[in-house]
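K.L.:
for reference, the sequence and a predicted model appear below.
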Amino acid sequence: MSSLSLAFIWLDRRNGNLPGGNQKLKEKFRKLLSPIRQFDKPTSFLDSIESSLKDRYVLFLTSDSFADEEFLNKIASLPNVYRIYIYNQQENNYQMDDINLAEKMGSERIIQFDEQLYKQIILDLIKIYSKESDQAGQGKQAKELLEFAVQLINTIDDQDEDLQQMEKYLLSRIRYFK
């Protein structure tokens, strides 16, 4: 696990010990981002993010039940929320008129399938690690961040050409540090 200050927040009415609480998916995410902060009410999530997660990259996942435009715009306006994902099991159509929301969410983060969600989160984490590596300069920390990004790519079973190109690019940057 990297030392970056990341938080993964999952807002879903089914969180907790209820049947259908997406336990398999949560276990998979825990390997990437630990701990997963789970909420089943928007108000408790908002209180938490505003008070305790100010200095973190926040990846926010919610389900259809909380994905109304007003709420999503409020989440997008929080400066530490890096990405917003909707686990869209009902295949709803979402409008993103707000520029900030469109930037943080985009159509590729409206997800119907677990593997698609996992892959998109990996891609976004790679962007975070690459950005942080750029800011770290030429030292050991920069190299470690890029190495961790490569490890993330290797957790995806079905690697497409874009992922393979990304891995080659990251490995070439890592070789620069040797």
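P.N.:
Looks like it arrived, so ask away.
K.L.:
check what pLDDT residue 173 gets.
P.N.:
pLDDT for residue 173: 90.
K.L.:
try residue 178
P.N.:
Looking at residue 178, the pLDDT reads 61.
K.L.:
can you tell me what sits against stretch 118-138?
P.N.:
2, 4, 6, 25, 28-29, 32-33, 57, 59, 82-83, 85, 108-109, 111, 141-143, 145-146, 148-149, 152-153, 155-156, 158, 166, 170, 173, 177 (Cβ atoms under 8 Å, 6 or more residues apart in numbering). (Each C-beta comes from the backbone N, C-alpha and C, glycine too.)
K.L.:
any idea of the mean pLDDT for that stretch?
P.N.:
Rounded mean pLDDT across stretch 118-138 is 86.
K.L.:
buried residues, that stretch. List them.
P.N.:
Buried residues in stretch 118-138, defined by neighbour count with 16 or more other Cβ atoms under 10 Å: 118-126, 128-130, 132-133.
K.L.:
secondary structure for those residues - can I get that in TSV?
P.N.:
Shown next, in TSV, are the buried residues of stretch 118-138 (DSSP: H, G, I helix; E, B strand; the rest coil):
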residue	secondary structure
118	helix
119	helix
120	helix
121	helix
122	helix
123	helix
124	helix
125	helix
126	helix
128	helix
129	helix
130	helix
132	helix
133	helix
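K.L.:
list just the nearest of the residues you listed to residue 68.
P.N.:
Each of the buried residues of stretch 118-138 was checked against residue 68 using Cβ to Cβ; the closest is residue 120, at 21.4 Å.
K.L.:
quick one: that closest one from residue 83, how far?
P.N.:
Separation of residue 120 from residue 83 (Cβ to Cβ, to the nearest Å): 8 Å.
K.L.:
in CSV, could you pull the C-alpha coordinates for the helix or strand containing residue 165?
P.N.:
For residue 165, the host element (DSSP states H and E) is helix 161-176. In CSV, the C-alpha atoms belonging to helix 161-176 read as follows (Å, rounded to 0.1, in the frame of the first residue of the first chain):
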residue,chain,number,x,y,z
GLU,A,161,-3.9,-2.2,-25.3
ASP,A,162,-4.3,1.1,-23.5
LEU,A,163,-3.3,-0.4,-20.1
GLN,A,164,-0.3,-2.1,-21.7
GLN,A,165,0.8,1.2,-23.2
MET,A,166,0.3,2.9,-19.8
GLU,A,167,2.4,0.2,-18.2
LYS,A,168,5.2,0.7,-20.7
TYR,A,169,5.1,4.4,-20.2
LEU,A,170,5.3,4.1,-16.4
LEU,A,171,8.1,1.5,-16.6
SER,A,172,10.1,3.9,-18.9
ARG,A,173,9.7,6.6,-16.3
ILE,A,174,10.8,4.3,-13.5
ARG,A,175,14.0,3.3,-15.5
TYR,A,176,14.8,7.0,-15.6
